[in-house]
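# Following is a predicted model, sequence given first.
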Amino acid sequence: MSKVERNIVLIGFMGAGKTTVGKELSRILGLRFVDLDQAIEEEANQTIQTIFKTEGESGFRKRERSLFHKLSKQSDIIFSLGGGAFLQEEIQAACLTDSLVIFLDIDFSIWSERIPLLQKDRPLLQQKSLEEMKELYTSRKQSYSKAHLIIQTGRLTPPQTAEKIAKTIHHAKA
């Protein structure tokens, strides 16, 4: 498939499948894939959990902003942003202006089935009740809805979701 005109940014709640879908979409479109959280860990040479413990959420968000701005100057990239990255005004404005932003929208009932797989690696989910997680999910959804394209992932597999995105992008260009 041909190159896209702008970088692609995948957003959505933590555990929505952004990294897995991003890797598959990268393969389909022939673009480089960057998971921003993984890039932060590599640059800092420590885990996200460690950064949260030693620098707090504000320290992590500062790293996130800085690295995103540096990497987003490059082209032909599919980015997977961590669940809170798009909530930062600077990142959101840059994404909406310079990239194609795609919100992977997953129903909370489907997402909640993934909690056992997500909780230990996600600092913002630790020690939270299901109701508190739902409040976080709901509060973020409004920001995510500003995306250029919303893909309902439902029970789609990551390859099906990536294929749906690729077809949508292709049809939009035609």
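The structure has been received and is ready for your questions. Given the structure is predicted, the values throughout are model-derived calculations rather than measurements. Residues are numbered from 1 along each chain as shown.
# ok, residues contacting stretch 84-93?
In this structure, residues lying in contact with stretch 84-93 by CB atoms under 8 Å, 6 or more residues apart in numbering are 9, 11, 36, 61, 64-65, 68-69, 81, 95, 101, 124, 140, 143-144, 146. (C-beta placed from N, C-alpha, C; glycine too.)
# Give me the buried entries from the residues you listed.
Among those, those scoring as buried are 9, 11, 36, 61, 64-65, 68, 81, 95, 101, 140, 143-144 (criterion: 16 or more other CB atoms under 10 Å).
# Next step: these restricted to strands.
Secondary structure from DSSP state E places 9, 11, 101 of the buried ones among the contacts of stretch 84-93 in strands.
# What's the first helix or strand after the stretch of helix or strand residue 132 belongs to?
Using DSSP states H and E, residue 132 sits in helix 130-144. Remark: after helix 130-144, the chain's next helix or strand is strand 149-152, criterion DSSP H and E.
# That next one packs against which elements?
strand 99-105, helix 158-173 (3 or more CB pairs under 8 Å, 6 or more residues apart in numbering; DSSP states H and E).
# Make JSON lines from those and add mean pLDDT and distance to residue 85 to it.
Below are the helices and strands packed on strand 149-152 laid out as JSON lines (pLDDT from 0 to 100; distance: least, CB to CB, whole Å):
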{"stretch": "strand 99-105", "mean pLDDT": "95", "distance to residue 85": "11"}
{"stretch": "helix 158-173", "mean pLDDT": "89", "distance to residue 85": "19"}
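# Off-centre distance for stretch 146-156?
Mean-position distance between stretch 146-156 and its chain equals 12 Å (CA atoms, centre = their mean, to the nearest Å).
# which residues are in contact with that stretch?
Outside of stretch 146-156, the residues within contact range by CB under 8 Å, 6+ apart are 11, 16-17, 21, 92, 96, 100-107, 110, 161, 164-165, 168.
# which among the contacts of stretch 84-93 gets closest to residue 133?
Each of these was scored against residue 133 by CB to CB, and residue 124 proved nearest at 9.0 Å.
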